[in-house]
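Novice: only geometry, no sequence info:
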Ligand code: AMP
């Protein structure tokens, strides 16, 4: 696996690769969720590039930029074993050189859910991903459904700004007890780790109600809240049901369009997010710019 840190080295490598490049952008502290994206990229492309960059522009002033886990040696070993061809490892100044002033402003998809509580977050995500797309020039780019809002914000960006690539959304990879894998799970104490699956169980209770015919957003949200309350350690930040594509208010009662039921909740000082899709959202999982 080649490791490059500068724009010039990356451009030189890219010239030799030709078409069929799959790309997985990450912030590191890699787990099996990331590795599933890399595996999908390997299956569908001749070459695979991964970036590790803890992007300062997507963190709020009181968020965990400084303490975000940085585990390069372990990440490198996992990437070597995964068959990744190139690791792009830029410094902040490589991505944002002095004088950097241009940002990508996302639309309404970024306003609800996490966007209400993390102002500027998706602007930072769009800006760094646009920049990474220009530098890496992938044919296919892979993102996780765990961050559904991020995937839909980026889907809109790829369509609106005509990025010449296909954005692919991969299903959420979970621990055996249902907890969505996340680099932030490592902040959980052993007791919090035992409590953490309650978030996914609460969403699963609403999936059961949906499968039994419940179509009222308020009832589905209430099912999540009630189930989550059985684990009092959780402090919910939001539980919302949204149109899966636009993230606007859904039809009431839910109709043909798929919806996403999403929640963010704190366990101690750790903020966890998770979501489930209701209805057939298949067409949103692959988007050509
Ligand atoms: P991160 O390093 O957290 O920025 O994540 C990098 C990519 O991996 C993003 O597209 C995430 O949505 C995706 N990802 C993170 N956790 C999971 C998971 N449990 N299952 C699937 N994809 C994931």
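Specialist: On my side now, so go ahead. All values reported here derive from a predicted model rather than from experimental measurement. Numbers count the residues shown, from 1 in each chain.
Novice: alpha carbons only for contacts and neighbour counts from here, please
Specialist: Noted.
Novice: Can you report phi and psi for residue 254?
Specialist: phi -60, psi 140 (degrees, to the nearest 10).
Novice: Could you do residue 287 as well?
Specialist: The phi/psi pair for residue 287 (degrees, to the nearest 10) is phi -130, psi 120.
Novice: In contact with it, which residues?
Specialist: The neighbourhood of residue 287, defined by C-alpha atoms under 8 Å, 6 or more residues apart in numbering, consists of 155, 158, 159, 166, 167, 168.
Novice: And those residues, which two are furthest apart?
Specialist: 159 and 168 (12.9 Å; C-alpha to C-alpha).
Novice: check which helix or strand covers residue 116.
Specialist: Assessed by DSSP states H and E, residue 116 sits inside helix 114-117.
Novice: Summarise which helices and strands that helix is packed against.
Specialist: The helices and strands touching helix 114-117, judged by 3 or more C-alpha pairs under 8 Å, 6 or more residues apart in numbering; DSSP states H and E, number zero.
Novice: which parts of this protein sit against the ligand?
Specialist: Applying C-alpha under 6 Å from any ligand atom, one finds that the chain approaches the ligand through 25-28, 33-34, 143-147, 171-174, 180-182.
Novice: Take these and keep only those in strands.
Specialist: Judged by DSSP state E, these include 25, 26, 143, 144 as members of strands.
Novice: which of the residues you listed has the most neighbours?
Specialist: Within these, neighbour counts (other C-alpha atoms under 10 Å) peak at residue 143, which reaches 25 neighbours.
Novice: Just grab the bridge partners of that residue for me.
Specialist: residue 169 (DSSP bridges).
Novice: I'd say it and residue 37 touch.
Specialist: Yes: Residue 143 is within contact range of residue 37, at 7.1 Å (criterion: C-alpha atoms under 8 Å).
Novice: what is in contact with the two at once?
Specialist: With C-alpha under 8 Å, 6+ apart, residue 143 and residue 37 have common neighbours 24, 170.
Novice: got the residue ranges for the strands in the stretch 1-150 of the chain?
Specialist: Applying DSSP state E, counting those that start in this stretch to the stretch 1-150 of the chain gives strands spanning 2-4, 21-26, 47-52, 86-88, 140-144.
Novice: can you list the residues that contact the last one?
Specialist: With C-alpha under 8 Å, 6+ apart as the contact definition, strand 140-144 has outside contacts at 20-25, 33, 37-38, 41, 45, 151, 165-172.
Novice: Just the buried ones from the residues of the chain next to the ligand?
Specialist: Buried members of the residues of the chain next to the ligand, scored by 16 or more other C-alpha atoms under 10 Å, are 25-28, 33-34, 143-147, 171-174, 180-182.
Novice: Looking at the closest residue to residue 170 other than its chain neighbours now. What's its pLDDT?
Specialist: With C-alpha to C-alpha, 6 or more residues apart in numbering as the criterion, residue 170 has its nearest non-adjacent residue at 4.9 Å, and that residue is residue 144. For residue 144, the pLDDT comes out at 98.
Novice: sorry, back to before: TSV for the ones in strands among the residues of the chain next to the ligand, including distance to residue 6?
Specialist: Listed next are these as TSV, based on distance: C-alpha to C-alpha, whole Å:
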residue	distance to residue 6
25	16
26	17
143	23
144	26
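Novice: who does the helix or strand where residue 236 lies touch, helix- and strand-wise?
Specialist: Following DSSP H and E, one finds residue 236 within strand 234-243. Using 3+ C-alpha pairs under 8 Å, 6+ apart, the elements in contact with strand 234-243 are helix 217-228, strand 259-267.
Novice: try 10 Å this time
Specialist: Applying 3 or more C-alpha pairs under 10 Å, 6 or more residues apart in numbering; DSSP states H and E, one finds that strand 234-243 makes contact with helix 114-117, helix 198-211, helix 217-228, strand 259-267, strand 270-278.
Novice: Quick one: mean pLDDT for the last one?
Specialist: Which is strand 270-278. 98.
Novice: What strands line up against that strand, and which way round?
Specialist: Applying DSSP bridges, one finds strand 270-278 paired with strand 259-267 (antiparallel).
Novice: Just put the strands of the stretch 1-150 of the chain in TSV and tack on distance to residue 64.
Specialist: Formatted as TSV, the strands of the stretch 1-150 of the chain follow (distance: least, C-alpha to C-alpha, whole Å):
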stretch	distance to residue 64
strand 2-4	26
strand 21-26	16
strand 47-52	16
strand 86-88	22
strand 140-144	21
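Novice: I'd like the average pLDDT over the top helix by length along the chain.
Specialist: Longest helix of the chain, by residue count under DSSP state H: helix 121-136. Averaging pLDDT along helix 121-136 gives 98.
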